[in-house]
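Peer 1: Sequence and predicted structure, then a few things I'm wondering about:
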Amino acid sequence: MCPNSCLEKEKNQQTHCCSCYAQPIWNCSPKWPYRRVEIEYVYRRGRGMAVYDPHDLGQNISKLVHTRGFLTQIPGNLCQISDLVEVDLSWNKIMTLENINCMERLDTLILRNNLVTYLSNLTLLGMTELRILDLSDNVLTVIEPNTISDPSLGMLHIIFKDNSLTSVDITNVVIDTPFCKADFSNNAVKELVNDIGWIVDTAKDYGDGGFVDLSHNDFVSFPNFENLGFSDLRELGKVFKFGFDFTNANFTCDCKMQPFLELSKDIIKKIWRSYFNVICAGPPSLKGQSIVNLVNQGRLDEFTCEIERQDRCPLGCLCFHQPSQNRLVVNCSNTSRTSLPKTLPSAPAGQLLDLDFGINHITQFKTAEYLNQTIAFNMNNNDLSFISDKSLRQSTDIQRLWFRNNSKIRNVPKSLETLHPCNVSFGVLYLKCHCQILWMGRWANSPKAALCPGNNNFFCITEDGQVLPSSVWTKKALECPNEVNWTAIGIAIALAVSSLMLGCIAWLLYQYQYEIYLLIRRDNQKDTISGNSYFKYDVYISFNENNPQLYSWVRNKLEPWLNARGYSLCLPCRDFALGSPRSDAILEHLQMSKKFLFIVDDDFLADEDVSIWSLQEWRHAWHIFKAETLRNIAVVNYDQMRVKNIDQRQIKAFWRLGLVVDFSNRKGRIFEEIMERLKLEIFTREKDDKMAKGSPWVDVVSLMGPYITNIPRCSTPNQKFRPESLEYNPTYPRSPYPSQLRWVDTPKLTFNSTKFNPPRSVKIYPSEFIKVDVT
């Protein structure tokens, strides 16, 4: 029942008062009668059982009070007493807590001054009516996570003081359900831990202003709230209603504590409680001072963390984090250094470096990786004589860059212009007067520099000893000659060179256009045809018919050699119809031929009677060659002509690229080379046998018998195969190679073969051959 005194408090405090100071109805006056439960020892080493008067049946509650005994374990039959509401077994020798969560109506469990060492998070599970738990003055060393914060529990007073705990899990401190007090005082607690990785739920309310007593423990450092599940310190507002007592904690007032105090300083000023009065145990400058007083005095800048030598703090320097200013300070002033260090401590996220290397003997200011992370750099009172251009380009984010009292500086890189005049200070600097310092005068006297007068007072000394301030530096005052616009000159030269190069390239492309085309055509030769699907002739031969030796070679050597390999030839002197216009016949027969062979002798281009027709053949053949990818041209140099003797540019291109067939071929391969230039397949018996095994083509006539010359080839890759295109004439002489009939190009058709007998009137060897059925 709620005490009357709670009703006198404000409404927002009445609920908390009633919860924490209420008494069970059986303790109110007049007190309710109850059944008294006793302990009867059954074993001399401390084992006992609960007993009561079986005739006392008029009471509806029971209590067990057995103190200063030698009981070593809780009696197992307590679960049989269903109306048990209070158990007090203080000053016994109980070492373990087992079989107690079966007492569902238990309101108070007092086990002071026992020998309990371990408390599991399953021990109290389900004891929804338990209001008071007192395990003080035991030897507890471990309390498992979520032992007292399970949602099924509703304990208001939890007492673990005067034990041997060395750590407390955050889940036993931040409790979901309302509670009054969780007392962990007078232990040996050194830190709060988060063994199960608990994370604060920002959508949930925790507790109802409960008080967590962590006083008189062995804390040595302030809690790291990020490790305790608070990724953002502002989330600590979820436990603002809690009260935490860290009295006599040995906290070091350092950078770890500062962020928390920064967020809570306004609250501390408004709400002060006596248990806030925690004293700093270190560092020496703050030892013994109240943390609350330091916050109220605005001395959070003194909460720093020193960086040791192993963390790259230079020898002899003082390095520390100062989170209140978001900086990492490296103070190496007056340490007799002669150069800047190559590396420095890395600044934490959100912090920048504040470097002090003043009062040393440093001679050079060079580039370094840490310049991009620096907010202030003091180089006053050194022996600087050199400042690198790149170092200033890396210093654009530095807000205070000081070079005062460095009298040996004689030159400053022009990259200084990229820095704001108020962020850099050279103080008073004397230079030699020359034209290269004009820009410094403009920079030091710019409108931006007017915001910080005295930051950069530049003077120059003339040859006669006159001192000129930067405000009067002009070309005339510094006796500067007229400047040459090297930029414009450079651009003009670049444009001229580019134009010349483009002109040369255009001339070369024009001069060698046919050579380039032949090279491209040679590398991109395709196997498909365009235009006519049929060709009456395989090769059109253009030559000087008036040359008897050449004519004899073509008719008696070249033609039989190609015919023997299955290729048909078009010879103008033989195949042109008598009486037809020669110009029309040339074009007509060129279009009916797949390849073009030009045999060039001395009169081919020189003799007017010959050249008028040969050049016409060449022009038509060249246009067809360019228009259709299957066509090809080959040239034979019959009379060993040189390129200088040829005026026709297209034919000359063949000579320049070495694409002509030399008639005086010493290797004796002139016919093979002609076929290679024309890209004609050279068939042999061995090659035919090899193709017959693995090729998808079908050699129809070779299956019938010996090879018959001059049977036209059916080349129709885009049309259905027509057997009637094979013309058979038994009167033709037979070739010694039966398999040299060219292949029928039908790659997408399926052939079914059946044996049948030929007509009796035709005599063919062997007597049976294969009939081809195209499907």
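Peer 2: That came through, no problem.
Peer 1: Quick check, Ala585 in contact with Cys573.
Peer 2: No: counting by Cβ atoms under 8 Å, Ala585 sits too far from Cys573 to count as a contact (11.1 Å). Using the backbone N, CA and C atoms, a C-beta is placed for each residue, glycine as well.
Peer 1: hey, C-alpha coordinates of stretch 93-104 in CSV?
Peer 2: Output of stretch 93-104 as CSV, limited to C-alpha atoms (Å, rounded to 0.1, in the frame of the first residue of the first chain):
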residue,chain,number,x,y,z
LYS,A,93,26.4,-20.5,4.3
ILE,A,94,24.4,-20.8,1.1
MET,A,95,26.7,-21.0,-1.9
THR,A,96,24.3,-21.5,-4.9
LEU,A,97,20.8,-20.3,-5.8
GLU,A,98,18.8,-23.2,-7.3
ASN,A,99,15.1,-24.1,-7.6
ILE,A,100,13.8,-20.7,-6.4
ASN,A,101,11.9,-19.4,-9.5
CYS,A,102,9.1,-21.9,-8.7
MET,A,103,8.0,-19.6,-5.8
GLU,A,104,5.7,-17.6,-8.0
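Peer 1: buried sites along that stretch?
Peer 2: 94, 96-97, 100-101, 103 (16 or more other Cβ atoms under 10 Å).
Peer 1: Out of those residues, which is nearest to Leu286?
Peer 2: Leu97 (43.4 Å; Cβ to Cβ).
Peer 1: Tell me if that closest one really is in a strand.
Peer 2: No: Leu97: not assigned to a strand; according to DSSP: H, G, I helix; E, B strand; the rest coil it is coil.
Peer 1: centre of the chain versus the helix ranked longest in the chain, how much separation?
Peer 2: Identified as the longest helix of the chain according to DSSP state H is helix 486-511. In terms of Cα atoms, centre = their mean, to the nearest Å, the gap separating the centre of helix 486-511 from the centre of its chain is 43 Å.
Peer 1: And for stretch 129-138?
Peer 2: 55 Å.
Peer 1: Contacts for that stretch, please.
Peer 2: 24, 104-117, 119, 124, 148, 153-163, 183 (Cβ atoms under 8 Å, 6 or more residues apart in numbering).
Peer 1: quick one: terminal-to-terminal distance for it?
Peer 2: 24 Å (Cα to Cα, to the nearest Å).
Peer 1: What average pLDDT does it get?
Peer 2: Mean pLDDT, computed over stretch 129-138, is 95.
Peer 1: can you pull the buried residues of that stretch?
Peer 2: Within stretch 129-138, judged by 16+ other Cβ under 10 Å, the buried ones are 130-138.
Peer 1: beta partners for Gly243?
Peer 2: Phe211 (DSSP bridges).
Peer 1: For this structure, name the helix or strand with the lowest mean pLDDT.
Peer 2: When each helix and strand of the chain is scored by mean pLDDT, DSSP states H and E, strand 769-774 comes last, with a mean of 40.
Peer 1: Mind listing what's buried along stretch 410-424?
Peer 2: 412, 415-416, 419-424.
Peer 1: If we only consider these, which is nearest to Gln648?
Peer 2: For the buried residues of stretch 410-424, the nearest to Gln648 is Ser415 (64.0 Å; Cβ to Cβ).
Peer 1: that's a helix at that closest one, yeah?
Peer 2: Yes: according to three-state DSSP, Ser415 belongs to a helix.
Peer 1: Would you check that it makes contact with Asp389?
Peer 2: Yes: applying Cβ under 8 Å, one finds Ser415 in contact with Asp389, separated by 4.9 Å.
Peer 1: can you list contacts of stretch 600-612?
Peer 2: 543-544, 546-547, 550, 598, 614-615, 635-639, 641, 646-648, 651, 660.
Peer 1: Apply the buried test to those residues and list what passes.
Peer 2: Here, 16+ other Cβ under 10 Å leaves 543-544, 547, 550, 598, 614, 635-639, 641, 646, 648, 651, 660 buried among the contacts of stretch 600-612.
Peer 1: Sheet partners, orientation included, of the one helix or strand Asp354 maps to?
Peer 2: Counting by DSSP states H and E, the element that carries Asp354 is strand 352-356. Strand 352-356 sits in its sheet next to strand 327-331 (parallel), strand 374-378 (parallel), going by DSSP bridges.
Peer 1: by contact count, what packs against the helix or strand just after that strand?
Peer 2: Once strand 352-356 ends, the next helix or strand along the chain (criterion: DSSP H and E) is strand 364-365. In terms of contact count using 3 or more Cβ pairs under 8 Å, 6 or more residues apart in numbering; DSSP states H and E, strand 364-365 is assigned the packing partners strand 386-387.
Peer 1: Need the contact partners of the strand it packs on.
Peer 2: Outside strand 386-387, the residues that reach it (Cβ under 8 Å, 6+ apart) are 363-366, 403, 409, 411-413.
Peer 1: Mind doing that once more with 6 Å?
Peer 2: 364-365 (Cβ atoms under 6 Å, 6 or more residues apart in numbering).
Peer 1: Same question for stretch 360-380.
Peer 2: Contacts for stretch 360-380 (Cβ under 6 Å, 6+ apart): 337-339, 344, 347, 352-358, 382-388, 390-391, 394-395, 398-405.
Peer 1: Pull out the buried members of those.
Peer 2: 337, 344, 347, 352-358, 382, 384, 387, 391, 394-395, 398, 401-405.
Peer 1: How much space separates Ile541 from Gln325?
Peer 2: If you measure Ile541 against Gln325 using Cβ to Cβ, to the nearest Å, the figure is 96 Å.
Peer 1: Also Thr367?
Peer 2: If you go by Cβ to Cβ, the gap between Thr367 and Gln325 works out to 26 Å.
Peer 1: Only the buried residues of stretch 593-607, if you could.
Peer 2: 593-601, 603-605.
Peer 1: contacting residues around Ile196?
Peer 2: Pro145.
Peer 1: again, only this time at 8 Å
Peer 2: Contacts of Ile196 (Cβ under 8 Å, 6+ apart): 145-146, 169, 171.
Peer 1: go on, Ile170?
Peer 2: 192-194, 198, 228-229.
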